[in-house]
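Colleague: Whatever this is, show me its structure:
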Amino acid sequence: MTRNGIATLMGIVLAAAAVHAAEPAQADDGFVPMFDGKTLDGWVTTGNWIVEADGVIALHPRAGEKGWQRYDAYLTTDRKYKDFVLDLEFKINAAGNSGVFLRVGDRMSQVNSGFEIQILDTHGLEKPGNHDCGGVIGTAAPSKNMAKPAGEWNRYVITCHGNQLKVELNGEQIHDLELDKTPLKNRPLEGYIGFQDEAKPVWYRNVRIKELK
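Modeller: Coordinates of the predicted model:
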């Protein structure tokens, strides 16, 4: 090959490398989406959950609905999970209320057979309790109030591994609990994942899970 030919070939290789480097990395982080972006396949509900634009899952309560004990209206997985990292975003209106239920043993008794990470409009509250946003209901208050104002997207990263529960809210760890040393010690270590229907609008997006071995 001539010197000019070698130079041309090197130029092509370098240009291709530059294009490849400019492309975003497609890292396999082990997470899989829990929604297909179009349907509620893989989930169970008799409620008012719909898939909006861009795969956002939204609750639109019917007129006259109220209360939180309509368990069949919750949006709940059709299979159980044991050890996992759950990564999701949520948004509520002013006075909004929902919750992420974990390791639910009985879909028709979620409060008594699983546990809830609270979603509530408590941005700015100086000393949040276990019933405020980020709290593990009936068990532990968040270490700090990381809830954003109503109308803004928040992000939970929840890790359940054996008896250990870790929760991050908007990039800050707010829980690191040993469940067997809490009021949740008798709850199952495997169960369904659910989103509460409190008869108030709520939105979820980018819901992903990584199961741990």
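
Colleague: And for residue 144, the neighbour number?
Modeller: When neighbours are defined as other C-beta atoms under 10 Å, residue 144 has 13 of them. No exception for glycine: its C-beta is placed from N, CA and C like everyone else's.

Colleague: Surely it is within a helix?
Modeller: No. Residue state for residue 144 (DSSP: H, G, I helix; E, B strand; the rest coil) corresponds to coil; a helix is not indicated.

Colleague: Excluding chain neighbours, what is closest to the most centrally placed residue in the chain?
Modeller: Taking C-alpha atoms, centre = their mean, the centroid of the chain lies closest to residue 88, which sits 2.9 Å from it. In space, and not counting its chain neighbours, residue 88 is closest to residue 207: 4.3 Å by C-beta to C-beta, 6 or more residues apart in numbering.

Colleague: SS state for the one you found?
Modeller: Here residue 207 is recorded as strand under three-state DSSP.

Colleague: Could you measure from the residue nearest to the centre of the chain over to residue 185?
Modeller: Using C-beta to C-beta, to the nearest Å, residue 88 is found at 26 Å from residue 185.

Colleague: What ranges does the chain have for its strands?
Modeller: For the chain, the strands defined by DSSP state E occupy 32-33, 43-44, 49-51, 57-59, 75-77, 84-92, 97-104, 115-120, 154-161, 164-169, 172-178, 192-195, 202-211.

Colleague: Against residue 122, how distant is the nearest residue to residue 183 once chain neighbours are set aside?
Modeller: For residue 183, ignoring the flanking residues on the chain, the nearest one in space by C-beta to C-beta, 6+ apart is residue 139 at 5.3 Å. Residue 139 sits 17 Å away from residue 122, going by C-beta to C-beta.

Colleague: count of neighbours near residue 35?
Modeller: Residues within reach of residue 35, counting by other C-beta under 10 Å, total 20.

Colleague: I'd say it and residue 58 touch.
Modeller: No. If you go by C-beta atoms under 8 Å, residue 35 and residue 58 don't touch, sitting 11.6 Å apart.

Colleague: residues touching residue 112, list them.
Modeller: Listed by C-beta atoms under 8 Å, 6 or more residues apart in numbering, the contact set of residue 112 reads residue 106.

Colleague: how much space between it and residue 196?
Modeller: 14 Å.

Colleague: will you turn the strands of the chain into CSV that also has distance to residue 68 and mean pLDDT?
Modeller: Shown next, in CSV, are those (distance: least, C-beta to C-beta, whole Å; pLDDT from 0 to 100):
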stretch, distance to residue 68, mean pLDDT
strand 32-33, 27, 98
strand 43-44, 17, 98
strand 49-51, 15, 97
strand 57-59, 12, 98
strand 75-77, 13, 98
strand 84-92, 14, 98
strand 97-104, 8, 98
strand 115-120, 10, 98
strand 154-161, 19, 98
strand 164-169, 20, 98
strand 172-178, 22, 98
strand 192-195, 12, 98
strand 202-211, 12, 98
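
Colleague: Skipping its backbone neighbours, what lies nearest residue 204 in space?
Modeller: Setting aside the residues directly before and after it, residue 204 is nearest to residue 57 in space (C-beta to C-beta, 6+ apart), at 4.5 Å.

Colleague: residue contacts, that neighbour?
Modeller: Taking C-beta under 8 Å, 6+ apart, we find residue 57 in contact with 35, 40, 49, 50, 51, 75, 195, 203, 204, 205, 207.
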